[in-house]
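In: One predicted model, sequence on top.
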Amino acid sequence: MVTQKQLDGLNYKQAQKRNSEKFNLLSKTEQKQVRQQGYKNLGWDNVRKSWTILQKLIPSSPVDFVGFVIQKAEDRYEQAKQEGNLLEVLKAGKSVIKSLQLKYQ
């Protein structure tokens with residue numbers, strides 16, 4: 001079994017998506033600055049390096065852990081649904097419900 005590389009618990013595509021989302025929140029000037037620092041969101045090593053670069057620019061804000069858990073559970077549910085893995089769909093669905101309960105308790 002091949003082990004998947006991860007960055008902060010995210011696989012390559014998830015980490016790449018997170019980088020793109022954060023990059024797109026930056027102003028055009030900041031985007032240019034980040035690119036000059038070596039931002040390139042293609043290839044595992046570049047994705048990791050780009051995240052380090054982005055973290056320096058992103059202002060520190062309180063982390064919404066419950067929102068993060070909900071998003072992670074929903075992503076897992078969608079992935080299982082796409083793969084047609086019914087058992088994983090049920091497990092992921094249960095995770096979504098539990099994380100929503102955290103938010104609305």
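Out: Right, received. Where do you want to start?

In: Please save the CA atoms from stretch 84-91 in CSV.
Out: Extracted in CSV, the C-alpha atoms of stretch 84-91 (Å, rounded to 0.1, in the frame of the first residue of the first chain):
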residue,chain,number,x,y,z
GLY,A,84,-19.0,5.1,-5.0
ASN,A,85,-17.8,3.7,-1.6
LEU,A,86,-21.1,3.3,0.2
LEU,A,87,-19.5,2.3,3.6
GLU,A,88,-17.3,5.4,3.5
VAL,A,89,-20.3,7.6,2.5
LEU,A,90,-22.1,6.4,5.6
LYS,A,91,-19.0,7.0,7.8
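
In: so for that stretch, what's the average pLDDT?
Out: For stretch 84-91, mean pLDDT rounds to 90.

In: From the chain's centroid, how far away is it?
Out: Relative to the chain's own centre, stretch 84-91 is displaced by 21 Å; criterion: CA atoms, centre = their mean, to the nearest Å.

In: Other residues contacting it?
Out: Residues from elsewhere that reach stretch 84-91, judged by CB atoms under 8 Å, 6 or more residues apart in numbering: 76, 77, 80, 81. For every residue, glycine as well, the C-beta is placed using N, CA and C.
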